[in-house]
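1. no sequence for this one, just the structure:
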């Protein structure tokens, strides 16, 4: 049971952190295949705006971390919703009051 809890905690950290990585391919110089069609050279840094990730490559491997909307968990204030502004930004908008909320306000 403890192993399951530890594994679940590690998974939650990885998902909430919005980062991933992998190993470099070593030839004469390191290169990193981040995804299909995207290969970074050693020392290269690139923002993938279609995915909203900032990726770097070094001799050991690569790491990509989310930016903007993909940066991780966003605390949405009560009474607001998160709205995506492509490609990677976001903002908060007030929620429309529900009929129940309007009725409660009228009773006050």
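-> That came through, no problem. Here the structure is a predicted model, which is why all the values come from computation and not from measurement.
2. give me the low-pLDDT residue ranges for this structure?
-> Low-confidence segments of the chain, defined by pLDDT under 70: 1-17, 101-105, 108.
3. Next, name the residue at the spatial heart of it.
-> Centroid check for the chain by Cα atoms, centre = their mean gives residue 70 as the closest residue, at 2.9 Å.
4. Quick check: that residue touching residue 52?
-> Yes. Taking contacts as Cβ atoms under 8 Å, residue 70 lies within contact range of residue 52: 3.9 Å. C-beta here means a position set from N, CA and C on the backbone, and glycine is covered the same way.
5. Any chance you could list residues touching both of the two?
-> Common neighbours of residue 70 and residue 52, counting by Cβ atoms under 8 Å, 6 or more residues apart in numbering, are residue 88.
6. picking up where we left off before, and the residue nearest to the centre of the chain, what is it in contact with?
-> Contacts for residue 70 (Cβ under 8 Å, 6+ apart) come out as 18, 51-53, 88.
7. And the buried ones among those, selectable in ChimeraX?
-> This is the ChimeraX syntax for the buried subset of the contacts of residue 70, where burial follows 16 or more other Cβ atoms under 10 Å:
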select :18,51,52,53,88
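8. now, which of the contacts of residue 70 lie within strands?
-> Counting by DSSP state E, the part of the contacts of residue 70 found in strands is residue 53.
9. how near is the residue nearest to the centre of the chain to residue 77?
-> Going from residue 70 to residue 77 by Cβ to Cβ, to the nearest Å gives 20 Å.
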